[in-house]
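Trainee: Here you go, sequence then predicted model.
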Amino acid sequence: MQRDVLTVLEAASTLNLHPETVKRFCRIGKLKGEKVSVGWLIPRTEVESFASTYQETRGRPANGRAHRNGGLG
């Protein structure tokens, strides 16, 4: 039986993100979670919703364009 809430580590694994990124997203309100004595608890539905809308932007050049030869930067 699945629990209704996930820990930071579980959410990070589900979202393929670093745990510190998940914590930061909780702190700034990008992910809705509850701070408890042992860390953050994040509703499973929140993680599922976030996963369906989150688009990772790592690795993109600052100007959003690639070089003519297909490389970045």
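Mentor: Here it is on my side, so go on. Numbering: from 1, shown residues only.

Trainee: from here on, contacts and neighbour counts on C-alpha atoms
Mentor: Will do.

Trainee: in the protein, which spans are helices?
Mentor: 8-15, 19-28, 44-53 (DSSP state H).

Trainee: Pick the most buried one from the ones you listed.
Mentor: Each of the helices of the chain was scored by mean neighbour count; the highest is helix 8-15, a mean of 18, by mean count of other Cα atoms under 10 Å.

Trainee: So for Lys35, which of the helices of the chain sits nearest?
Mentor: helix 19-28 (8.6 Å; Cα to Cα).

Trainee: Let me see the residues that make contact with that closest one.
Mentor: Residues outside helix 19-28 that contact it (Cα atoms under 8 Å, 6 or more residues apart in numbering): 8-9, 11-12, 31-33, 40.

Trainee: Export the residues you listed as JSON lines, with columns for distance to Thr53 and pLDDT.
Mentor: As requested, these are exported to JSON lines (distance: Cα to Cα, whole Å; pLDDT from 0 to 100):
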{"residue": "Val8", "distance to Thr53": "19", "pLDDT": "98"}
{"residue": "Leu9", "distance to Thr53": "20", "pLDDT": "98"}
{"residue": "Ala11", "distance to Thr53": "15", "pLDDT": "98"}
{"residue": "Ala12", "distance to Thr53": "15", "pLDDT": "98"}
{"residue": "Leu31", "distance to Thr53": "12", "pLDDT": "97"}
{"residue": "Lys32", "distance to Thr53": "14", "pLDDT": "96"}
{"residue": "Gly33", "distance to Thr53": "17", "pLDDT": "96"}
{"residue": "Trp40", "distance to Thr53": "21", "pLDDT": "97"}
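
Trainee: Now for those: which two are most distant?
Mentor: Put simply, by Cα to Cα the two of those set farthest apart are Leu9 and Lys32, 15.2 Å from each other.

Trainee: Looking at the helices of the chain, which is nearest to Gln2?
Mentor: Nearest to Gln2 among these is helix 44-53 (9.0 Å), distances taken as Cα to Cα.

Trainee: list the helices and strands the closest one packs on?
Mentor: Under the contact criterion of 3 or more Cα pairs under 8 Å, 6 or more residues apart in numbering; DSSP states H and E, the helices and strands touching helix 44-53 comprise helix 8-15.

Trainee: That concludes my questions; thank you for your assistance.
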